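Chemist: got a sequence here, can you build the structure:
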Amino acid sequence: MSVKISINILMVEDSDIDFEVTERALLKAGMKKENLFRCCDGDEALDFLYRRGDFENNERVFRPGIILLDLNMPGTDGREVLNEIKTDENLKDIPVLILTTSTDERDIESCYKMGANTYIQKPVNFSGFMEAVQRIKDFWVEVAILTKGK
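Modeler: Sure, this is the predicted structure:
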């Protein structure tokens, strides 16, 4: 019997397919659907985190315990979102896990320099995705002690 994950996760992902595969993997790993919120681009993610625009008085908005962040998105991309999060005193303690197709060494190096907590290449098949998500859950939910934030 799996234990239900109650940590709030913000996933910033523009691809519907990648989101659906990740969501299925998280649900299978014990995630509660109500603890997962998706933003489809960087601008929406920043509005969510700062409770601006459509999220200003939205009861669905929460402080994420973990952020899963894609890099390559239209508009404000993941690199800009990461930089904004890690330079903001109220957000910088939230673990940001880069989940992307990019294996470019420059992306990896710059993300870590900006404060990313981990960098994971998206597996190409569902079983690989399941394994990656299970490992994320094992460490970030069951091992790591996360801050509650402000």
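Chemist: show me the shaky parts of this protein.
Modeler: By pLDDT under 70, the weakly predicted segments of the chain are 1-5, 149-150.
Chemist: hang on, Lys92 packs against Ile85?
Modeler: Yes - at 6.5 Å, Lys92 counts as touching Ile85 under the criterion of Cβ atoms under 8 Å. Using the backbone N, CA and C atoms, a C-beta is placed for each residue, glycine as well.
Chemist: in this structure, which helix is the longest?
Modeler: helix 126-140 (DSSP state H).
Chemist: ok now that one, how far from the chain's centre?
Modeler: 13 Å (Cα atoms, centre = their mean, to the nearest Å).
Chemist: who does that helix touch, helix- and strand-wise?
Modeler: Helices and strands touching helix 126-140, as assessed by 3 or more Cβ pairs under 8 Å, 6 or more residues apart in numbering; DSSP states H and E, comprise helix 16-28.
Chemist: mind listing what's buried along the helix it packs on?
Modeler: Asp18, Phe19, Val21, Thr22, Glu23, Ala25, Leu26 (16 or more other Cβ atoms under 10 Å).
Chemist: ok, and what's touching whatever helix or strand comes next after that helix?
Modeler: For helix 16-28, the succeeding helix or strand toward the C-terminus, using DSSP states H and E, is strand 36-39. For strand 36-39, the surrounding residues in contact (Cβ atoms under 8 Å, 6 or more residues apart in numbering) are 8-13, 19, 23, 26, 45, 47-48, 60-62, 64.
Chemist: at 7 Å what do you get?
Modeler: Strand 36-39 is contacted by residues Ile9, Leu10, Met11, Val12, Glu13, Phe19, Glu23, Leu26, Ala45, Phe48, Arg60 when judged by Cβ atoms under 7 Å, 6 or more residues apart in numbering.
Chemist: which stretches in this structure count as helices?
Modeler: Using DSSP H, helices in the chain cover 16-28, 42-50, 78-86, 105-114, 126-140.
Chemist: follow-up on the earlier one: okay, Lys92 and Ile85: which has more neighbours?
Modeler: Per other Cβ atoms under 10 Å, whichever of Lys92 and Ile85 has more neighbours is Ile85, with 23 against 13.
Chemist: good, wrapping up.
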